Each structure stands twice: as structure tokens, then as C-alpha cells.
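> here are the coordinates; sequence isn't available:
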């Protein structure tokens with residue numbers, strides 16, 4: 001990742017970005033800019049939309065004097081960073097409850113996940129997932145960490161259905177305490193040796209982390225039977241599912257992901 005000013009304030013906007021464009025922002029974003037960040041008219045902020053790169057925009061009044069600090073718009077000034085290419089890591093996970101799920105989504109985005117999908121398993125405890133909340137957490141993580149791509153957030157799917165329709169062009173990596181190769185970095189570099197030798201920027205891969213208590217035996221068997229799947233161990237300690245997410249994504253990015261290109 002290039003040098004970046006992490007003190008800069010950033011805002012995701014759902015609008016096309018180009019020099020001179022005027023962007024109307026919603027009430028929540030207005031409150032954030034004017035009352036939390038205390039920005040004034042003509043103050044600058046970096047904006048991005050996941051497609052057009054990052055731009056400097058300035059706060060402009062909107063709605064006349066009576067609107068006060070309740071209404072504002074942004075006027076786009078100039079491009080400061082071109083749009084980068086998103087990685088090709090999908091993160092699939094058994095849903096967790098509330099704050100732990102929020103944390104896991106934020107960390108997955110920081111670790112470069114390009115797609116997020118809840119997967120129900122036999123031991124999944126939280127069956128319902130708020131997809132809008134997931135997306136809000138993904139946007140917040142991207143804003144805070146200089147990330148310009150917002151991951152796709154998919155509906156919940158059952159593990160057996162997911163594996164039945166698994167795409168042939170995407171390798172599956174799943175966490176398994178009984179993985180045949182105990183050292184996860186070695187397991188990944190062996191499994192993806194051909195792609196690594198060919199200098200492939202990043203193989204298409206999906207990382208699957210199970211629920212508290214792990215996958216049951218039938219699920220582990222089904223995962224192992226997916227063509228090209230790789231099981232990895234996360235070491236000698238028992239990890240909570242949200243911790244396992246960070247550990248697994250870090251190992252994948254270091255061994256076969258975009259960390260190798262820095």
C-alpha cells in the first residue's frame with residue numbers, strides 16, 4: 001500500500017465522482033461532518049465511492065441560512081488517488097452475535113476481504129444477520145483505514161447449498177484443527193505453488209471460518225471434498241471465531257495474497 005495520511009478524514013459517498021460534481025449528503029453524514037468533525041464551509045474532506053478513486057471535496061452550504069448545521073453538500077475538487085484494484089479474497093463465516101460480528105466484519109475489511117457472506121452450519125448459534133448493519137460496518141472500516149473498495153455483502157446461505165454450487169475457478173481455504181499439514185503457511189504455499197511460481201498477483205480464493213465449536217465431522221468431510229480445497233490449522237490455541245477470522249485472513253494474505261506484492 002502506498003504512503004497514506006491516516007490523519008485525513010474520509011467519507012464514503014454513493015454518487016459518481018468527478019471534478020466539479022456536487023454531492024448532496026444525507027442527514028446522518030451531514031451530522032457527522034458538521035457536528036462531529038466540526039467542519040465548516042470550504043473545509044476539505046476526502047471522498048470515495050469504490051469505483052472512481054479518492055477525491056478532495058469541500059463542504060458547501062445547502063438549503064439556505066435556515067438549514068443551519070442540518071444540511072450540507074460537498075463539491076468535488078480534484079482527484080488525489082486513483083482507484084486501486086480490489087483483492088480476490090472472499091470471506092465466508094458462521095454468523096456471530098452483535099458486537100462480535102461487528103468487530104469481525106470490520107477486521108475482515110481491513111484485511112482485504114472483497115466479499116462477505118454469512119454461512120449457516122449445524123453449530124451456528126446466531127441465525128439472523130442484519131445485512132445493512134454489516135454493510136455499515138464495512139463502510140466504516142474502509143473510511144477509517146484508507147481502503148477504497150467496499151466489499152460486496154451477500155445474503156446468508158446454508159453451508160451444504162454453498163458447497164453444492166461451488167465455482168470451479170475459486171479455491172476454498174477452511175480452518176480445521178485436524179489439518180494434515182500443521183503449519184498453515186506451509187500448507188498454503190504448497191497448495192498454491194503453481195500460481196505463486198507463475199507470479200499470479202492473487203489467486204481467487206475464499207476463506208471459510210466455522211462457528212464456535214467448529215465444523216462437525218460431516219461438514220469437514222464436505223469441505224475437504226471440494227476440488228482444490230485446502231485445510232489449514234490456526235495453531236495450538238483455541239480461538240474464538242472472530243479471532244480466527246483475523247488469523248486466517250492474515251495467513252492467507254501473507255502466503256498467497258496481496259501482501260506478497262508490497
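Everything's here; your move. Note that the structure is a prediction, hence the values are computed from the model and not measured.

> check contacts around residue 189.
Shown in contact with residue 189 (Cβ atoms under 8 Å, 6 or more residues apart in numbering): 196, 255, 256. Every residue, glycine included, has its C-beta placed from N, CA and C.

> Out of the helices and strands in the protein, which is least certain?
Across the helices and strands of the chain, mean confidence by mean pLDDT, DSSP states H and E is lowest for helix 193-197: a mean of 79.

> All the helices of the protein, residue numbers only.
Taking DSSP state H, the helices of the chain run over residues 27-31, 98-110, 131-144, 159-164, 184-191, 193-197, 217-224, 241-255.

> Between those helices, which one is closest to residue 82.
Residue 82 sits nearest to helix 131-144 of all the helices of the chain, at 16.3 Å, using Cβ to Cβ.

> what's the closest one packed up against?
strand 10-12, helix 98-110, strand 113-120, strand 152-153 (3 or more Cβ pairs under 8 Å, 6 or more residues apart in numbering; DSSP states H and E).

> Select, out of these, the one closest to residue 225.
Nearest of the helices and strands packed on helix 131-144 (Cβ to Cβ): strand 113-120, 16.5 Å.

> Could you list the paired strands of that closest one along with their orientation?
According to DSSP bridges, strand 113-120 has the following sheet partners: strand 89-93 (parallel), strand 152-153 (parallel), strand 157-158 (parallel).

> With distance to residue 182 and mean pLDDT as extra columns, can I get those in CSV?
Below are these laid out as CSV (distance: least, Cβ to Cβ, whole Å; pLDDT from 0 to 100):
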stretch, distance to residue 182, mean pLDDT
strand 89-93, 23, 96
strand 152-153, 33, 96
strand 157-158, 30, 95
